[in-house]
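> Whatever this is, show me its structure:
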Amino acid sequence: MKNSLKRTLLAASVAGIFAMGAVAYAATTNSSNVIETIDAWAPYQAALEHDIWLHPEIAFQEYHTSRLQQKALAAAGFKVEAGVAGMPTAYIATYGSGEPVIGIATEMDALPGMSQERVATHQPIAGQGPGHADGHNLLGMAGVAAGRAVAKWLKATGTSGTVKIFGSPAEESGSGKVYMIKAGLFEGTDAVFSWHPIGGINTASQGHDLALASGKWTFHGVAAHAGGEPWAGRSALHAAESFAFMVNVMRETTPDFTRLQYIYTKGGDEPNTIPDLAQVSMYIRAPSVDVVRKLLERVQEAAKGAAMGNQVTVTFEATGGTLAQLDNETLGQVMDESLRTVGGVHLSGEARDFAEKVYATLDKPPPFDLMEKVLPFHVGGDIPGGYSSDIGDVSWNVPEAGALCSTWAPGTANHSWQAAAQSGGPIGSAGALNCAKVMALSAVKLFQSPGIVEKAHEELLKRRGPDWHYEPLTAPAKPDLDSELSNQYPSYKNLDDYEKVMKSVK
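Reported below is the predicted structural model:
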């Protein structure tokens, strides 16, 4: 899984939790109607989250998901520009005018092969390949809910300023936000807030995650009868296996916190034929962009050596690349204040019963009541998280901060069947509702306090240094809109349930 908001959290103590409500909220922003707005729309938010969960779509194929997000924003008065940055499912939704311009990032894509029924046992949905095991159905609609509430607050108070929702596809594999940055869509934005689902943790801590380069190495050999005349063939699979072996032995001489992760995506069709085509898909991660680039060079040499040793050829295709997130303590503290106003996630009834059933399937999870608490705020740390996300690229271009809200039973791993199961019901929606409030409160705080925006920008300039210029990591020239994977998992291009979902709540 790739998301720079998901941290390795080592804190052992727990901060006090403030009661949620208009009184606590008013003390922070004098804008209690923001939480009331989000609570009033909560049934619709949950219904849309569930509908997206029922119709999971993978990278660059999120047509149904994108339409639902866009329509919910348009209904609240946003001006929506669809199909931006060369991606049909990407959009920008804008409300208001003037400065500051505060952005909220959403996501959409599901994970291939993670289909799961909403039950507490591993049970894929028959005939469905993808699943929301990273909770992007929750992530996206919480951003929409937050944007709607901020827009209503701007109108009610007559406050000058603009809120933008960045509808970004293909976070899991495709680096959608990179193309939006390259198209200049984040220019003029003063700050961006985001969040991510996670199992049992609530925090606005800002941590160091990993830069990532991803790609596919395709080996081309010569086919032959494996029994009759194998000497006439040259196995592309043997080259792929040699490549993987060389990468594995390389691990001993790589810097700390390096992660080399791969799968075989092609390897032949049946044993009686020498495979003439094999493919390895790989992620290369490290805390430093420079280290990732050097590792990619070493991996490329290993691929050439494997091809040479097996008398085949190899081609490389970059599939994506993301920078490690650049922390912004100023904005992180704003989100921490908002999170403590909202508090942790409290489950009851059916939601709690289901969470406890899933909790029982986990191996040595943390205490169940962890999800009701807010962890202490911190920035960075000696040990980086192992996650990566294209929100990292945003954080180098615009001051950005994100929060984690508990959407699953404590100890639930992202990219697991347990996460997919809980993302489709009231457990996930409870956490998403909390982080919608956190982002909305944080945005309102910036509209009320322009000095914070200026301080966040100064911190960005200081952290990235005077000679910095943006350069994506291995991103292809154009997004891969018609990949083999997307053809394997078709989207819901002709489906549009927005009105039906809205009526179902009434």
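
> and residue 171, how far is that from residue 423?
Applying CB to CB, to the nearest Å, the value for residue 171 to residue 423 is 15 Å. Quick note: C-beta positions are derived from backbone N, CA and C, even for glycine.

> more neighbours, those two?
residue 423 (34 against 29; other CB atoms under 10 Å).

> residues in contact with the more buried one?
49, 53, 132-133, 135, 137-138, 197, 407-408 (CB atoms under 8 Å, 6 or more residues apart in numbering).

> residue boundaries of the helices in the stretch 301-450 of the chain?
With DSSP state H, counting those that start in this stretch applied, the stretch 301-450 of the chain shows helices at 329-342, 349-359, 391-397, 417-423, 426-448, 450-464, listed in chain order.

> mind giving me the domain split of the chain?
29-208+324-465, 211-321 (automatic domain parsing).

> which of the ones you listed sits most buried?
Most buried of the domains of the chain, by mean neighbour count (mean count of other CB atoms under 10 Å): domain 29-208+324-465, with a mean of 22.

> what separates it from the chain centre, distance-wise?
On the basis of CA atoms, centre = their mean, to the nearest Å, the separation between the geometric centre of domain 29-208+324-465 and that of its chain is 8 Å.

> now the stretch 1-150 of the chain, which segments are flagged as low pLDDT?
For the stretch 1-150 of the chain, applying pLDDT under 70 flags the ranges 1-31.

> ok, now which ones touch the nearest residue to residue 74 once chain neighbours are set aside?
Using CB to CB, 6 or more residues apart in numbering and skipping the chain neighbours, the partner closest in space to residue 74 is residue 80 (5.2 Å). Neighbour list for residue 80: 70, 73-74, 91-94 [criterion: CB under 8 Å, 6+ apart].

> Sort out for me which of those residues are in strands.
Members of the contacts of residue 80 lying in strands (criterion: DSSP state E): 91-94.

> Show me the strands in the stretch 1-150 of the chain, by range?
Assignment of strands within the stretch 1-150 of the chain using DSSP state E, counting those that start in this stretch yields the ranges 79-82, 91-97, 101-106.

> any residues touching the second one, and which ones?
Going back to what we said before, that points to strand 91-97. 66, 69-70, 73-74, 76-84, 147, 150-151, 154, 160-167, 185.

> cool, and stretch 460-467?
Residues from elsewhere that reach stretch 460-467 (CB under 8 Å, 6+ apart): 326-328, 396, 398-399.

> Tell me the one among the residues you listed nearest to residue 228.
Lowest distance from residue 228 to the contacts of stretch 460-467 (CB to CB) belongs to residue 396, with 57.0 Å.

> Redo the helices of the stretch 301-450 of the chain as CSV? Include mean pLDDT and distance to residue 181.
As requested, those are arranged in CSV below (pLDDT from 0 to 100; distance: least, CB to CB, whole Å):
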stretch, mean pLDDT, distance to residue 181
helix 329-342, 97, 18
helix 349-359, 96, 37
helix 391-397, 96, 6
helix 417-423, 98, 27
helix 426-448, 97, 20
helix 450-464, 96, 14
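
> Ok, which of those comes nearest residue 235?
Closest of the helices of the stretch 301-450 of the chain to residue 235 is helix 417-423, at 34.9 Å (criterion: CB to CB).

> Just the CA coordinates for the closest one, please, in CSV.
In CSV, the C-alpha atoms belonging to helix 417-423 read as follows (Å, rounded to 0.1, in the frame of the first residue of the first chain):
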residue,chain,number,x,y,z
TRP,A,417,-9.4,-8.1,3.6
GLN,A,418,-10.3,-6.9,7.1
ALA,A,419,-9.7,-3.3,5.9
ALA,A,420,-11.9,-3.8,2.8
ALA,A,421,-14.7,-5.4,4.9
GLN,A,422,-14.8,-2.5,7.4
SER,A,423,-14.5,0.2,4.7
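
> for residue 202, what are its contacts?
Applying CB under 8 Å, 6+ apart, we find residue 202 in contact with 339, 344-345, 371, 373-375, 403-406, 434.

> Export the residues you listed as CSV, with columns for distance to residue 232.
Written out in CSV, the entries for the contacts of residue 202 read as follows (distance: CB to CB, whole Å):
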residue, distance to residue 232
339, 65
344, 66
345, 63
371, 61
373, 66
374, 66
375, 62
403, 60
404, 56
405, 59
406, 59
434, 63
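
> picking that back up, just send the contacts of residue 80 back as JSON lines, with distance to residue 228 too.
Conversion of the contacts of residue 80 to JSON lines gives the following (distance: CB to CB, whole Å):
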{"residue": "70", "distance to residue 228": "58"}
{"residue": "73", "distance to residue 228": "63"}
{"residue": "74", "distance to residue 228": "64"}
{"residue": "91", "distance to residue 228": "56"}
{"residue": "92", "distance to residue 228": "60"}
{"residue": "93", "distance to residue 228": "62"}
{"residue": "94", "distance to residue 228": "66"}
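
> I'd guessed residue 413 sits against residue 200; true?
No: with the criterion set as CB atoms under 8 Å, residue 413 and residue 200 do not qualify as a contacting pair; they are 10.8 Å apart.

> Out of the contacts of residue 80, flag the one nearest to residue 181.
Proximity of the contacts of residue 80 to residue 181 was ranked by CB to CB; the top entry is residue 92 with 12.5 Å.

> Using neighbour counts, pick out the buried residues of the helix or strand hosting residue 499.
Under the criterion of DSSP states H and E, residue 499 resides in helix 498-505. When burial is assessed from 16 or more other CB atoms under 10 Å, helix 498-505 yields the following buried residues: 498, 501-502.

> Contacts for that helix, please.
Contact partners of helix 498-505, identified using CB under 8 Å, 6+ apart, comprise 43-44, 47-48, 51, 67-68, 71-72.

> between the residues you listed, which is nearest residue 490?
residue 67 (15.7 Å).

> Hmm, that closest one is touching residue 493, no?
No: Residue 67 lies out of contact with residue 493 (CB under 8 Å); the separation is 9.6 Å.

> Which of the contacts of residue 202 fall in strands?
Counting by DSSP E, the members of those that fall within strands are 403-406.

> how about those residues in a markdown table, adding distance to residue 303 and pLDDT?
Below are the ones in strands among the contacts of residue 202 laid out as a markdown table (distance: CB to CB, whole Å; pLDDT from 0 to 100):
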| residue | distance to residue 303 | pLDDT |
| --- | --- | --- |
| 403 | 39 | 96 |
| 404 | 36 | 96 |
| 405 | 41 | 97 |
| 406 | 41 | 97 |
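
> May I ask which two of these are separated the most?
For the ones in strands among the contacts of residue 202, the farthest-apart pair by CB to CB is 403 and 406; their separation is 10.8 Å.

> picking up where we left off before, nearest to residue 101 among the contacts of residue 202?
residue 403 (20.3 Å).

> mind listing what that closest one touches?
Residues in contact with residue 403 (CB under 8 Å, 6+ apart) are 5, 193-196, 202-204, 335, 338-339, 435, 438-439.

> so residue 194 bridges to which residues?
On DSSP bridges, the residues paired with residue 194 through beta bridges are residue 402.

> And it, how close does it get to residue 338?
Taking CB to CB as the criterion, residue 194 is separated from residue 338 by 13 Å.

> who touches both of the two?
When contacts are counted by CB under 8 Å, 6+ apart, the set common to residue 194 and residue 338 consists of 403, 439.

> in the stretch 251-400 of the chain, what spans have low per-residue confidence?
In the stretch 251-400 of the chain the weaker segments, taking pLDDT under 70 as the threshold, are 381-384.

> how close does residue 465 get to residue 397?
Taken as CB to CB, the spacing of residue 465 relative to residue 397 amounts to 14 Å.

> Tell me which residues touch the closest residue to residue 468 other than its chain neighbours, please.
With CB to CB, 6+ apart as the criterion, residue 468 has its nearest non-adjacent residue at 7.4 Å, and that residue is residue 396. Residues in contact with residue 396, defined by CB under 8 Å, 6+ apart, are 323, 326, 464, 468, 470.
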